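Student: Pasting the sequence and the predicted model now:
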Amino acid sequence: MDSSFDKNALFSTLNDFYLGLLPDSLSWAAFLGTGLTIVFILVNAVLMLTAFGTYMERRVLGRFQTRLGPNRVGPFGLLQPLADLLKLIMKEDLRPLMADRLTFFLAPVLMVTSMLVVVAVVPFGSDSFLADLNIGVLYLVGIPTIATVSMFLGGWGSGNRFALLGAARAVAMLISYEVPMIISLAGILILAGSMSLVDVVEAQRLPFILLQPMAFFVFLIAASAEMNRSPFDLMEAESELTAGFHTEFSGMRFGLLQLAEFGEVVVTSAILATLFLRGWENPFIPADWSQVLPPQVWLIGKILFFMLIFTWIRATLPRMRIDQVMAFAWKVLFPLAVINMFVTAALVVAWPEPTYTQLWAIAGINWVVAIGCLIGFSLALDKHRKNPTASVQLVKIPTEVA
Amino acid sequence: MALPSESITINLGPQHPSTHGVFRLRVTLDGEVIQDIEPIFGYLHRGTEKLAEERSYTQIVTLTDRLDYTSSMINNQAYVLATEKLAGLEVPERGQYLRVLTAELQRVASHLMGIGFFLQDLGAMGTPLMYCFRERERILDLFEMVCGARVTVSYMRPGGVNQDPPPEFWPGLKELLSDLPHYIDELERLINENEIVLARTKGIGVLSRELAIDSSISGPNLRASGVAWDLRKADPYDVYDRMDFDIPVGSNGDSYDRFLVRVMEIHQSLRIVEQCSKDIPDGPVRADVPYFFRPPAGDAYAHVEASKGELGFYLVSDDGIAPYRCKIRAPSFINLTALTEMLLGWKVADLMVIFGSLDVNMGEVDR
Amino acid sequence: MTTQLQGADIGQRLQGAFPNAVTAWGDDEVRVQSDTIVEICQYLKDTPDLKMDYLSSITGVDYVESFEVVYHLTSLTHNHSLVLKTTLYGRDDVALPSVIGVCKGAGLQERHVWDLIGIGFTGHPNMKRILTWEGFPGHPLRKDHLGG
C-alpha cells in the first residue's frame, strides 16, 4: 500500500498525520480519513470555482453586452451565487404525475456525481493528487458519458414529450462529439507515452498547445459540445420549441442540473489545463527552473483562463441547428482529429527522442498542418463564402412626383 | 424498411420567449419537420376599430399609438394622413418635415428592435440585442425630448404635429446622426458574414416573388422577395418626394435577405433624417384645426410605408365628431397570410428563424 | 404618385365587359353587384393595361340598412389604384363570393370581416373566426352589437 503512494506526498503526509492520531489497529481508518480529506478539498475547490464561475460568467456576459452584470448582492455582487442557491433551495420541488420516480430522482444525482468524479485524477501539484491512475486519460473521457446517460434519463423520466424530444437530440449530439474528443487526445498520448495525467504533464517540455494545436482546437470545440455550451446549446435553447430535458425539474433538482452543467465547465477547463497547458507548472519556462508561483495558483489561473474562453465564445456566437451540429462533428472534427493523430505518429516515428530544437520543429510542423487543414476544410465546405451580402442591392428609384 | 411514425401536434405559445408577442401556433410535426401549422390570433385584440367609433378624431391618435407599439410615430402619421384626406386639411411645411423626421427615426428604432430580436432568436444570447437596444435608447431619448413619451408617442395631430421640438433636440439629433451609422456598421461587420448566421438563415423560409404579391405582403418582406415597391417612392406623402434615398431590394426572398433589407433600410432612413434636419423650414407646426372638427361625409383611404409594411387607414365619416368606421389595414396581419406556405417542410429550429425574420408585431395583428 | 383610376373610365370598361354588373360609379370608386365580384377582380387582374394584382385591403362597413364591402386594389406594375364597392342587403346570413381564388391575400382579411361584421364569404377554405373565438356571441363591429 505504501509503495504506490510514494509519488503522492500529500497523501503520505496526511496519512502519517492521521496514523499519529489513531491507534494502530485502525490504520485503515487513517487511510480512509486521508482519502476523504483530499476528496473534501477537491470537491470544495470545484464547487467554489463553479459558484464563482457562474458569477464570473454573468458579469463577463454583461460586459460583452454593454451592460453590468449582477452587482448588488454583496461587494461587487460576489454573493450572487449564494442568492441563486437560496432561491433554488426555497422553491417547491414539483414532480409531475407521469414522471418515473426512480429516473426522475437519479438524473440530477448522476449528473453531479459524474462531474465531480472526473476531478479525482486531476493533479494539482507534482506530488499532490487524489489518484494517479495509469489509465487517467481514458478515465477522463469515459466518465462524462454517464452525464449523457443521465440527461437521457432526465428527459425520458419526466413524462413530457417535449423533454423527451430534447433529450433524444441531446444524446445524439453528445455521442457524436465524443468520437472526435477521444481521437484528438490520441496525439497527446502518443507524445506523452502514457495515459497517466501526471506523466502527461511531466512529458510536456513544451506545452502541448504548441505541439498539438489541432488536437487543442478539436478538443476545445468537442468539449464545448459535450457541455452543451454555445454555440451547441440547443438543448436548453429558450427560443426553440422544446425547453430540453430539464423542463420538468424545479427547485433544487434544477439547481443540481445547473450545478452539474457549470461544474462540467470547470472540470473541462481543468482537463484542458492539465493536458495542454502543463497543469500545475509555469507554462512559459522549462520545468527545471523555479516556478515563480505555487502550483495550485497556476492550475487555478489556467482553469479561470479557460472558463473565460468558454464564456467569450458563448457571448459571441449564435446557436447552430441540430443537423448542422452533427454534420460539423462528423465532417469536420472527426477528419481533423484523425489527421492530427497520423501526423503526430509520423513525427514521433521520425524523432523518437526529440531534443529541444526538434520539439520546436515538431511544433512548427503541427501548426502549419493545423492552419492548412483549417483553411482547406473551410474552403471546401463553405458554400456562402462568395459575397453573401450581394443578394440585397440598393435600387435607385426616381420618386414619382405628383 | 420504413419505420411507422406518427405526427405530433405541439402548441407553441401564446406565452413564449420568442414569439414576438402573444401569438399561438399549433404545429404538426413529423419528427423535426413541420407538416402543418394553424395560427391562432386574437390574444391581444382590444377592439381598436370599435373604440375609434366613439372617440373624436383627435383622440383616436392615442389609439393608433398602440397598434404596432414599436413604431408609434408611423401609426400616427398614417392615421392623420387619412384624417387630412377626409377633411381636406393642409399641413404646414415645418409640420410635414417634422413628421418625416420623426417617422424615419421611428423606423430606425423599430428595425433595430426587429433585428435584435431576430438575432436573439438565432441564439446569439443577447449580445447583438443589447447592442441594438443601446442605440434604440438614444432614439427614444430624442422622442422624449420631442413629445414627452418614449414608446407611445401620440405626437402627430390632424393638421400637423403637436408641438415644436425643444432647442436641445437639434444638437442631440446631430450627435445621433454622426454616431449611429458607425454603430450600425460595427453591427454589420459582426453579423452579416458570420458563418453561423449565414448557415441558419441563407435559403431558409423562401418567399417567392409571385407568392409575395399574391398574398398582399408588404414592406421589407416584399422587398426582400425582389419587388421594388416602397410607398415612400411609389405614392409619396408629406415631403418624401423631396428626399433622396434608395431602396434595398433582395433577390432570394429568404430570411437572410429579409434581415439584410432591414439593416440597409436603417442606413437609408438616417440619410432621410439628415436631409430633413438640414432642410427644415421655420413656421407653424400645425394647421389651425379645432379640437372637435367634423369632416364632411364621405370616405378616404390613406396608406404609409410603416416599418412592417403598408399601414392603411380607411375612414368613413358621417359628419360627426367621431368617424363612422375606422378600418386599419395592418401590415403584420396581412404578412401572416403566407405563413403556412413559408413554414411547411422546414425544421422546428427554422420556425423561429422564419417567424423572426418576418418581424410581425402582435399589436398590429390583433388590434 | 399612385394614380387613382377614374371611376367613370373603369366603370364604363367594366360595364362593357360585364353587363349588369356595375351599379354606379363615383370619382374614384366603382360600385358593382356583389355576386360578380370574383369575375370583375379576375378581369382587373388579367387585363394587361390594368393588371391590378395587389389587393391592398378589404373592408366591411355596417350602414344599418345595408352592408358595404370595399376593395382597394393596386397595380404594382402600372402604379395605379382603384376602389371597388359592393352593397349587400339584409341583416342575417349576408354573403358574397370570396376572391381568394384571385388573390390569396384575401384569406385572412375575409376572415376578419366575417368575424367582426358578420359578412360571409362563400368559397373560402377556412371561414372561421379569427380575432374572437368560435362561439363568440354576435359580431362586434356591427352597430347593433350589444344594444349599439
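Tutor: In hand now; what should we look at?
Student: make it CA atoms for all contacts and neighbour counts henceforth
Tutor: Will do.
Student: Contacts only, for the spatially closest residue to B:Thr28 that is not a sequence neighbour.
Tutor: Of all residues not flanking B:Thr28 in the chain, B:Thr9 sits nearest, at 4.2 Å (Cα to Cα, 6 or more residues apart in numbering or on different chains). Listed by Cα atoms under 8 Å, 6 or more residues apart in numbering or on different chains, the contact partners of B:Thr9 are B:26-29.
Student: How about A:Tyr177?
Tutor: Contacts of A:Tyr177 by Cα under 8 Å, 6+ apart are A:222-223, A:225-226, A:329.
Student: Please report the distance of the residue nearest to B:Glu54 when sequence neighbours are not counted from B:Ala300.
Tutor: Nearest non-adjacent residue to B:Glu54, counting by Cα to Cα, 6+ apart: B:Ala322, 6.0 Å away. B:Ala322 is 14 Å from B:Ala300, where distance means Cα to Cα, to the nearest Å.
Student: These two - which one has more neighbours?
Tutor: Taking B:Ala322 and B:Ala300 together and counting by other Cα atoms under 10 Å in any protein chain shown, B:Ala322 has the greater number of neighbours (23 against 16).
Student: Which helix or which strand is home to C:Phe67?
Tutor: Assigned by DSSP states H and E, C:Phe67 belongs to strand C:66-75.
Student: Is there proximity between that strand and chain B?
Tutor: No - under the criterion of Cα under 8 Å from any Cα of the partner chain, strand C:66-75 makes no contact with chain B; the nearest approach is 8.7 Å.
Student: quick check, that strand touching chain A?
Tutor: No - Strand C:66-75 does not reach chain A (Cα under 8 Å from any Cα); its nearest approach is 14.7 Å.
Student: That strand pairs with which strands, and in what direction?
Tutor: strand C:54-63 (antiparallel), strand C:80-89 (antiparallel) (DSSP bridges).
Student: Need the winner for burial among those strands.
Tutor: With neighbours defined as mean count of other Cα atoms under 10 Å in any protein chain shown, the strands paired with strand C:66-75 peak in mean count at strand C:54-63, which reaches a mean of 23.
Student: next one: that strand to chain centre, how far?
Tutor: Relative to its chain's centre, strand C:54-63 lies at 6 Å (Cα atoms, centre = their mean, to the nearest Å).
Student: Not counting its own residues, what contacts it?
Tutor: B:213-214, B:216, B:325, B:327, B:329, C:67-76, C:103, C:105-106, C:109-110, C:113, C:117, C:119, C:141-143.
Student: and with 7 Å instead?
Tutor: B:213-214, B:216, B:325, B:327, B:329, C:67-76, C:103, C:105, C:109, C:113, C:117, C:142-143 (Cα atoms under 7 Å, 6 or more residues apart in numbering or on different chains).
Student: Strands of chain C, start to end?
Tutor: Applying DSSP state E to chain C gives strands spanning C:3-4, C:22-25, C:29-32, C:54-63, C:66-75, C:80-89, C:95-97, C:120-122.
Student: Serialize those to JSON lines and add fields for distance to A:Ile339 and mean pLDDT.
Tutor: Shown next, in JSON lines, are the strands of chain C (distance: least, Cα to Cα, whole Å; pLDDT from 0 to 100):
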{"stretch": "strand C:3-4", "distance to A:Ile339": "68", "mean pLDDT": "77"}
{"stretch": "strand C:22-25", "distance to A:Ile339": "78", "mean pLDDT": "82"}
{"stretch": "strand C:29-32", "distance to A:Ile339": "74", "mean pLDDT": "86"}
{"stretch": "strand C:54-63", "distance to A:Ile339": "58", "mean pLDDT": "89"}
{"stretch": "strand C:66-75", "distance to A:Ile339": "61", "mean pLDDT": "90"}
{"stretch": "strand C:80-89", "distance to A:Ile339": "65", "mean pLDDT": "88"}
{"stretch": "strand C:95-97", "distance to A:Ile339": "68", "mean pLDDT": "88"}
{"stretch": "strand C:120-122", "distance to A:Ile339": "66", "mean pLDDT": "88"}
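Student: helix/strand/coil for the residue in the stretch 1-150 of chain B that chain A sits nearest to?
Tutor: Here the stretch 1-150 of chain B gets closest to chain A at one residue, B:Ala124, 3.7 Å apart by Cα to the nearest Cα. On the three-state scheme (DSSP: H, G, I helix; E, B strand; the rest coil), B:Ala124 is labelled coil.
Student: how about it, what does it touch?
Tutor: Here B:Ala124 is in contact with A:316-319 (criterion: Cα under 7 Å, 6+ apart).
Student: Kindly state the beta-bridge partners for B:Met156.
Tutor: B:Val161.
Student: do you know how far it is from B:Met73?
Tutor: From B:Met156 to B:Met73 the distance is 7 Å (Cα to Cα).
Student: that older thread, tell me the contacts of the residue nearest to B:Glu54?
Tutor: Per Cα under 7 Å, 6+ apart, neighbours of B:Ala322: B:53-57.
Student: What's the PyMOL line that selects buried ones from these?
Tutor: In PyMOL, this line selects whichever of the contacts of B:Ala322 come out buried by 16 or more other Cα atoms under 10 Å in any protein chain shown:
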select buried, chain B and resi 53+56+57
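Student: Reformat the contacts of B:Ala322 as TSV; add pLDDT.
Tutor: Shown next, in TSV, are those (pLDDT from 0 to 100):
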residue	pLDDT
B:Glu53	89
B:Glu54	89
B:Arg55	89
B:Ser56	90
B:Tyr57	90
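Student: touching chain C at all, the host helix or strand of B:Glu341?
Tutor: Using DSSP H and E, B:Glu341 maps to helix B:339-343. No - using Cα under 7 Å from any Cα of the partner chain, helix B:339-343 never reaches chain C; the gap is at least 11.0 Å.
Student: on that earlier part again, mind checking which of the contacts of A:Tyr177 are in helices?
Tutor: Residues of the contacts of A:Tyr177 located in helices (DSSP state H): A:222-223, A:225-226.
Student: Let's have these in TSV, adding pLDDT and distance to A:Gly125.
Tutor: Below are the ones in helices among the contacts of A:Tyr177 laid out as TSV (pLDDT from 0 to 100; distance: Cα to Cα, whole Å):
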residue	pLDDT	distance to A:Gly125
A:Ala222	90	27
A:Ala223	89	24
A:Ala225	88	29
A:Glu226	86	27
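Student: which pair in the residues you listed spans the largest distance?
Tutor: A:Ala222 and A:Glu226 (6.2 Å; Cα to Cα).
Student: Settle it for me: which of those two has more neighbours?
Tutor: A:Glu226 (28 against 25).
Student: Could you count how many residues lie near A:Val292?
Tutor: Counted with other Cα under 10 Å, A:Val292 comes out at 10.
Student: same deal with B:Asp30?
Tutor: Neighbour tally, B:Asp30, other Cα under 10 Å: 16.
Student: dump the residue contacts of the closest residue in space to C:Ala95 that isn't next to it in sequence.
Tutor: Distance criterion Cα to Cα, 6+ apart; nearest residue to C:Ala95, sequence neighbours excluded, is C:Gly120 at 4.3 Å. Taking Cα under 7 Å, 6+ apart, we find C:Gly120 in contact with C:94-96, C:114.
Student: so how far is A:Pro398 from the residue in chain C positioned nearest to chain A?
Tutor: Going by Cα to the nearest Cα, chain A is nearest to C:Met1 of chain C, at 5.1 Å. The gap separating C:Met1 from A:Pro398 is 11 Å, by Cα to Cα.
Student: Appreciated, that's everything.
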